[in-house]
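*Asks:* sequence unknown, structure follows:
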Ligand code: MN
């Protein structure tokens, strides 16, 4: 393995502010020396105590970025922005300060560059990369922001060796996936090639070194034949009366590498790495020169491309062909005019320098904006005006926003956080209670802006409402909300219908439960053309079937009621009383009925209190039941109760388990409960607003000891924050489990709170 070669592009040493001005001068760019000097001095003071990773004073970086921009022939606003591009991010300066010192235009540009820098690209897939690129372009508003960002990235890539290996990889792959495609789209092929070769060097050092060594070796052998080919080409063109500049060069490393990879060819078989460039004075000569090339050397079939007649989307124009020398060496020849060459190298930067209007393929929507630029360019003569007119909206119909995980999503303009929630997940939409955008709470109807970071908040009790339909613009969100509303409406109608029917039946002293199982009910369904009881309830709930009609069908046309359907008065309170031989006995009165209070779900081991209620027997509470303490009671009606000795009985207890919202929690929980030989009667999980989870579970336990052991087991699970015993029957208070060891069972009584 060969030693690592030098990076493909290194910064010029000791570039100063004077060099920046010299570049502007050399390119005959108009500029205001006093203005740029004051910008430079300000920048120098702001970054005075900062250093780059290389140990050099920080000012080297903004100076070099400005130098690149001046070298690319951009205007002085670009250069000023290049100098200032890091002051908002890395120093205490604010946008208003820049505004007052240097004007709104520069302040806006610097602000734009800073914002792009804050948007972190998380690698996902090609679709994500494309969305991110669009977002960068769209959020810039002014294309000069992109130009400065590209120059910034170029200098950072040139000095990447000073970064940690991890940072090198991250920055290099971001360059390859985001910034080099953007420069390609802007037609800046020189910047693109530099960015790619640098990224290639840092990302795949071994392959770079191998390719570089191979090309160096080949060039050594090819040197003489290349000079001969060059001379032949010059002579042939002269003989044909074509004036042209001819040069040859090795193609870009990364583009060679990519091509080898694409064709599945090993580096040792590399042959297509050379390109001759023929630059002519006018369009006619390009085609004439092309003819001369094909007369002298044998072309490789299928390798001829006419990008003059059919420009690339970024307006690149040139003739390409690959021919074989008499020694068997293939080489590519690119033929184009001087203007086309400038456009090929510099992209949009070149467009205002020549007035000649270039043809472009108007059918490609991707270059719509570029065509707008060109159309516009024909009307405007002043290049400075041209650049300030780059304030165009590249993607006027879309906004690009981030999820907390760093994914980028495209939305139509006007989309709201609610649209975002439904895009991520239907359930997230349904339970959306609010949104944080860039860390701030916003109303759900607030339209999203480019680059927003959107975090959706949910609430356990949240559900969609009809007015949500007015808050969303995406069809996905709209249809999900509609669907939910329809289902919900059915569910509500069903519950209402069922209640109405049951109420009417009870008035007639009919048992709804028995009625549903009766042949009459079946007949009713059939006569209405329905299959399920639920459908009947829905119809009644909607009012489509009058309840009177349903009842008439059920009790028969003659108005008589089948005796088998008759039941006694409904005594719900009695249903709740435990039968004889239940778990609790009243001292000395073993034939009195007692029931366990629903508010505290006592289990054997809990201290008990009994209270004689009016007409509902004895209600038994846990001694520390808060409901009990909060009520006034009549001491005369207190009664001592105790647990009956029944070894086989189990008691339901409701537990609330607070967890970090971690996957696999339910499975672990179930396992622990099973290990303690307890059964699960009921299970429900909900997420709190803080992102934690609360799992409600009703387990069966034999006694307090059993319960305490179970709670300790659950408490020991990783991810469990707290276990508490939850009041049954809808009461709100919670008691921490496992707190008291049990003594004997002696009770006091209280008013039944239920
Ligand atoms: Mn920078």
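*Replies:* Received it, and whenever you're ready, just let me know what you need. Because the structure is predicted, anything quoted here is derived from the model rather than measured.

*Asks:* From now on I want contacts and neighbour counts done on CA atoms only, so please keep to that.
*Replies:* OK.

*Asks:* Helices along the stretch 151-300 of the chain, start to end?
*Replies:* Under the criterion DSSP state H, counting those that start in this stretch, helices of the stretch 151-300 of the chain are mapped to 165-174, 180-185, 189-203, 205-239, 253-263, 283-296.

*Asks:* and the spatially closest residue to residue 245 that is not a sequence neighbour, how far is that from residue 236?
*Replies:* Spatial nearest neighbour of residue 245, excluding adjacent residues (C-alpha to C-alpha, 6 or more residues apart in numbering): residue 279 at 5.1 Å. As judged by C-alpha to C-alpha, to the nearest Å, residue 279 and residue 236 stand 15 Å apart.

*Asks:* out of the two, which sits in the busier spot?
*Replies:* A direct count of neighbours by other C-alpha atoms under 10 Å for residue 279 and residue 236 places residue 279 higher, at 23 against 16.

*Asks:* show me the contacts for the more buried one.
*Replies:* Going by C-alpha atoms under 8 Å, 6 or more residues apart in numbering, residue 279 touches 244-246, 286, 335-338, 341.

*Asks:* hmm, try it at 10 Å
*Replies:* Listed by C-alpha atoms under 10 Å, 6 or more residues apart in numbering, the contact set of residue 279 reads 243-247, 285-286, 289, 318, 334-341.

*Asks:* Filter these down to the ones in strands?
*Replies:* 244-247, 334-337 (DSSP state E).

*Asks:* need those in JSON lines with neighbour count and distance to residue 606, can you?
*Replies:* Output for the ones in strands among the contacts of residue 279, formatted as JSON lines (neighbours: other C-alpha atoms under 10 Å; distance: C-alpha to C-alpha, whole Å):
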{"residue": "244", "neighbour count": "22", "distance to residue 606": "102"}
{"residue": "245", "neighbour count": "13", "distance to residue 606": "100"}
{"residue": "246", "neighbour count": "18", "distance to residue 606": "99"}
{"residue": "247", "neighbour count": "13", "distance to residue 606": "96"}
{"residue": "334", "neighbour count": "23", "distance to residue 606": "92"}
{"residue": "335", "neighbour count": "30", "distance to residue 606": "95"}
{"residue": "336", "neighbour count": "28", "distance to residue 606": "94"}
{"residue": "337", "neighbour count": "23", "distance to residue 606": "96"}
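
*Asks:* Mind telling me the two of these farthest from one another?
*Replies:* Across those, no pair lies farther apart than 247 and 337, at 13.7 Å, counting by C-alpha to C-alpha.

*Asks:* Name the residues contacting each of these two.
*Replies:* 278-279.

*Asks:* hey, where'd the helices end up in the stretch 1-150 of the chain?
*Replies:* Under the criterion DSSP H, counting those that start in this stretch, the stretch 1-150 of the chain carries helices at the ranges 17-26, 33-46, 60-71, 76-84, 87-90, 95-102, 104-118, 126-140, 143-158.

*Asks:* Please identify the most buried of the ones you listed.
*Replies:* Burial of the helices of the stretch 1-150 of the chain is given as mean neighbour count (mean count of other C-alpha atoms under 10 Å); helix 76-84 ranks first at a mean of 27.

*Asks:* Not counting its neighbours along the chain, what's nearest residue 534?
*Replies:* In space, residue 534 comes closest to residue 494 once its chain neighbours are excluded; the distance is 6.3 Å by C-alpha to C-alpha, 6+ apart.

*Asks:* List the buried residues of whichever strand or helix holds that neighbour.
*Replies:* Using DSSP states H and E, the element containing residue 494 is helix 475-507. Across helix 475-507, burial judged by 16 or more other C-alpha atoms under 10 Å covers 477-478, 480-482, 484-485, 490-498, 500-502, 504-505.

*Asks:* now swap in stretch 47-61 and tell me
*Replies:* For stretch 47-61, the neighbour count (16+ other C-alpha under 10 Å) marks 47, 58-61 as buried.

*Asks:* will you turn those residues into CSV that also has distance to residue 710?
*Replies:* CSV is the format used below for the buried residues of stretch 47-61 (distance: C-alpha to C-alpha, whole Å):
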residue, distance to residue 710
47, 62
58, 62
59, 65
60, 66
61, 63
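
*Asks:* now, which of the residues you listed sits nearest residue 444?
*Replies:* residue 47 (41.1 Å).

*Asks:* What separation is there between the closest one and residue 89?
*Replies:* According to C-alpha to C-alpha, residue 47 and residue 89 sit 11 Å apart.

*Asks:* who touches both of these two?
*Replies:* Common neighbours of residue 47 and residue 89 (criterion: C-alpha under 10 Å, 6+ apart): none identified.

*Asks:* hang on, the earlier thing: point out the one among the helices of the stretch 1-150 of the chain that comes closest to residue 603.
*Replies:* Minimum separation from residue 603 across the helices of the stretch 1-150 of the chain (C-alpha to C-alpha) falls at helix 126-140, 56.2 Å.
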